[in-house]
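> coordinates for the following, if possible.
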Amino acid sequence: MPPRTQMSESNTPQPNLNADETRPLTRQSSIDDGTSYQKSALSPMDVSWHKEQRDDEEEEEAPSHIVIKVPTKVACRIISCAVLLFLIIFVIRQVSQRSFSALPNGMKYTATGPYKLVEHHEGKTFFDGYEFHDGPDSVGSAGYNMYVSKEKAESLDLISIETETLNEAKLYGRDYGNEEKRQDFVYMKSLPTDEGPRDSIRLEGKRRFDRGLFVIDLHHMPAGCGVWPAFWLTDETNWPNNGEIDIVEGINYQNVAKTALHTSAECDMYQQVDPTKKTGTWDRSSGVYDRFTGLPDHETSVPAQNCWDASPFQWYNQGCVAVETNNATIGVPFNENEGGVYALEWDPEAGYIRSWVFAPHKVVPENLREAMDSAGDADSEVLPDTSTWGLPYGYFAIGDESRCSSDHFQNMRIVFNLAFCGTVAGNRYFIDCPKQAELFTKAGGWDPVGSCNEWIKSEPEELDEAYWKIRGVYVYEREMKFST
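Numbers count the residues shown, from 1 in each chain. All right, here's what the predicted structure looks like:
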């Protein structure tokens, strides 16, 4: 977004005043004795009459104006201070709005150096970094659920912190000294209601970001038919202008991880990404309705490389989607292998957004594992170094050298949510859940979302697997510095 126009009263022209000049606040002439009137020539015989008349007028009315004397040096000082104040306000507003490219004298405000930990959410303090959304799902998602407050979530036992024994040697496949240790895990789940929509959780981070490295260590994620969990970044009040990045998003029984970007217009990855910089592929878009015939086109399949939510050649709000090539990186098989670690690097200065998934935990890079283990420990903290992690599966080009400017992504915060059915999992119900569709179908098979809702309302045991088990969330940023 372009920087806002800066306005200031200091732009108002100031008069040039000599030291002996005065500046009347009225349009009348002034004379030394303070009265205001028009001078005229008088004969000697009329002097006494006019003097008496002037004396009478002086008794009847006060002076009609006030004269202020402003020395030239004082006026210059006032103007100089006003200009200086304007420049200070300009710089402060630029920094607060993060419009760093508009700083004066060619100055830039850029992220440099190694990553440093700015937030980590673990154990008993995990929820301190989030607000609980209380109310229905958004209109755009339309999930068959109701998000609840922290107080209600605690009373219903939807959230909890459990201390468990963790066998690191078994989990990582290596001997790190302590085979077993006590570890806190965060649990979040849902419950059925008499009304039908399930009570569920949506967390919204308290801090906003314009860049960073985001890591989540998951040991179980919600999975199953009609289940739609996500761990993502967004600025919901300025969507899609400020963008959305889906780091983890499960849909029904899907078992391959994906990273999706959703933006406003003019953000396209077509021929912008060197295939040697990533291991993943692009999602595909087919069956899109032909704008001329109105029928779905199943003959054409195109890569989902346009991040614009209204791209005419992709499904609405499909976005640009990178796909991991390995199975068991999300969903049911991910849980069977005791989870894994997801990481997303959002670096406008470097010109990219990159994503990794390491599942199971045995393939987590040593540097990343040590960074998570030492988070918050100033004496032994290990800083993450993404150059040692191998190629990401997802790579998105952003910035001036690409077809997607960096300002498509700004002022975003972390969101956790667990939705059911809705516009994505619900619309794919007949495709992804054929067995359930045989038992729960509405409107003769023409209503996949309504049919999915009926499945959820039946309270199937399968939904017992629809819960989060989180070891921690870790956010790193490079230090911001001014440079020329």
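
> CA atoms for contacts and neighbours, from now on please.
Fine.

> quick one: secondary structure of Lys116?
strand (DSSP: H, G, I helix; E, B strand; the rest coil).

> burial count for it?
By the criterion of other C-alpha atoms under 10 Å, Lys116 has 18 neighbours.

> contacting residues for the closest residue to Glu324 other than its chain neighbours?
Distance criterion C-alpha to C-alpha, 6 or more residues apart in numbering; nearest residue to Glu324, sequence neighbours excluded, is Gly280 at 4.8 Å. Listed by C-alpha atoms under 8 Å, 6 or more residues apart in numbering, the contact partners of Gly280 are Ala322, Val323, Glu324, Thr325, Pro392, Tyr393, Gly394.

> quick one: Gly280 from Pro240, how far?
According to C-alpha to C-alpha, to the nearest Å, Gly280 and Pro240 sit 25 Å apart.

> could you do Glu204 as well?
17 Å.

> try Ile330
26 Å.

> out of the two, which sits in the more crowded spot?
Remark: of Ile330 and Pro240, Ile330 carries more neighbours, 28 against 19, as counted by other C-alpha under 10 Å.

> tell me the confidence at the more buried one?
pLDDT, Ile330: 98.

> do I have it right that it meets Asn252?
No. Contact criterion C-alpha atoms under 8 Å: Ile330 and Asn252 do not qualify, at 10.5 Å.

> residues contacting the residue nearest the centre of the chain?
Geometric centre of the chain, nearest residue: Met412, 1.0 Å, by C-alpha atoms, centre = their mean. Applying C-alpha under 8 Å, 6+ apart to Met412 gives the contacts Arg208, Phe209, Asp210, Leu233, Thr234, Asp235, Asn242, Gly243, Glu244.

> hmm, the first one is touching Arg413, no?
Yes. Look at Arg208 against Arg413 with C-alpha under 8 Å: they come within range, at 4.8 Å.

> who has more neighbours, those two?
A count of neighbours by other C-alpha under 10 Å puts Arg413 above the other of Arg208 and Arg413, at 19 against 14.

> just the element for that one, please.
Using DSSP states H and E, Arg413 sits in strand 413-420.

> next one: Thr329
Per DSSP H and E, there is no helix or strand for Thr329.

> tell me the spacing between it and Gly376.
28 Å.

> higher neighbour count, these two?
Neighbours per residue, other C-alpha under 10 Å: of Thr329 and Gly376, the larger number sits with Thr329, 25 against 16.

> pretty sure that one contacts Asn255?
Yes. With contacts counted by C-alpha under 8 Å, Thr329 reaches Asn255, the gap being 6.0 Å.

> Gly472: which of the contacts of Gly280 is nearest?
Gly472 lies nearest to Pro392 out of the contacts of Gly280, by C-alpha to C-alpha, at 21.0 Å.

> for that closest one, what are its contacts?
Counted by C-alpha under 8 Å, 6+ apart, Pro392 has contacts Lys277, Lys278, Thr279, Gly280, Arg354, Ser355, Trp356.

> do you know how far the fourth one is from Ala304?
So that's Gly280. Distance from Gly280 to Ala304, by C-alpha to C-alpha: 13 Å.

> one more: Leu158?
With C-alpha to C-alpha as the criterion, Leu158 and Ala304 are 36 Å apart.

> from the contact counts, what lies against the helix or strand containing Lys469?
Assessed by DSSP H and E, Lys469 sits inside strand 468-483. Contacts defined by 3 or more C-alpha pairs under 8 Å, 6 or more residues apart in numbering; DSSP states H and E place strand 468-483 against strand 108-122, strand 180-188, strand 212-220.

> contacting residues around the last one?
Strand 212-220 is touched from outside by 115, 334-335, 338-347, 467-478, with contacts defined as C-alpha under 8 Å, 6+ apart.

> can I get the following helix or strand past that strand as PDB, trimmed to CA atoms?
Proceeding N to C from strand 212-220, the next assigned helix or strand is strand 227-234, under DSSP H and E. Extracted C-alpha coordinates of strand 227-234, given in PDB (Å, rounded to 0.1, in the frame of the first residue of the first chain):
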ATOM      1  CA  VAL A 227     -12.400 -31.500  10.200                       C
ATOM      2  CA  TRP A 228     -10.700 -28.300   9.100                       C
ATOM      3  CA  PRO A 229      -7.900 -27.100  11.400                       C
ATOM      4  CA  ALA A 230      -5.400 -24.400  10.600                       C
ATOM      5  CA  PHE A 231      -2.300 -22.600  12.000                       C
ATOM      6  CA  TRP A 232      -1.900 -19.400   9.900                       C
ATOM      7  CA  LEU A 233      -1.000 -15.700   9.600                       C
ATOM      8  CA  THR A 234      -3.500 -13.000   8.700                       C
END
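
> okay, now the sheet partners of strand 227-234, with direction.
strand 244-249 (antiparallel), strand 413-420 (antiparallel) (DSSP bridges).

> looking at the ones you listed, spot the one closest to Asp385.
Nearest of these (C-alpha to C-alpha): strand 244-249, 19.1 Å.
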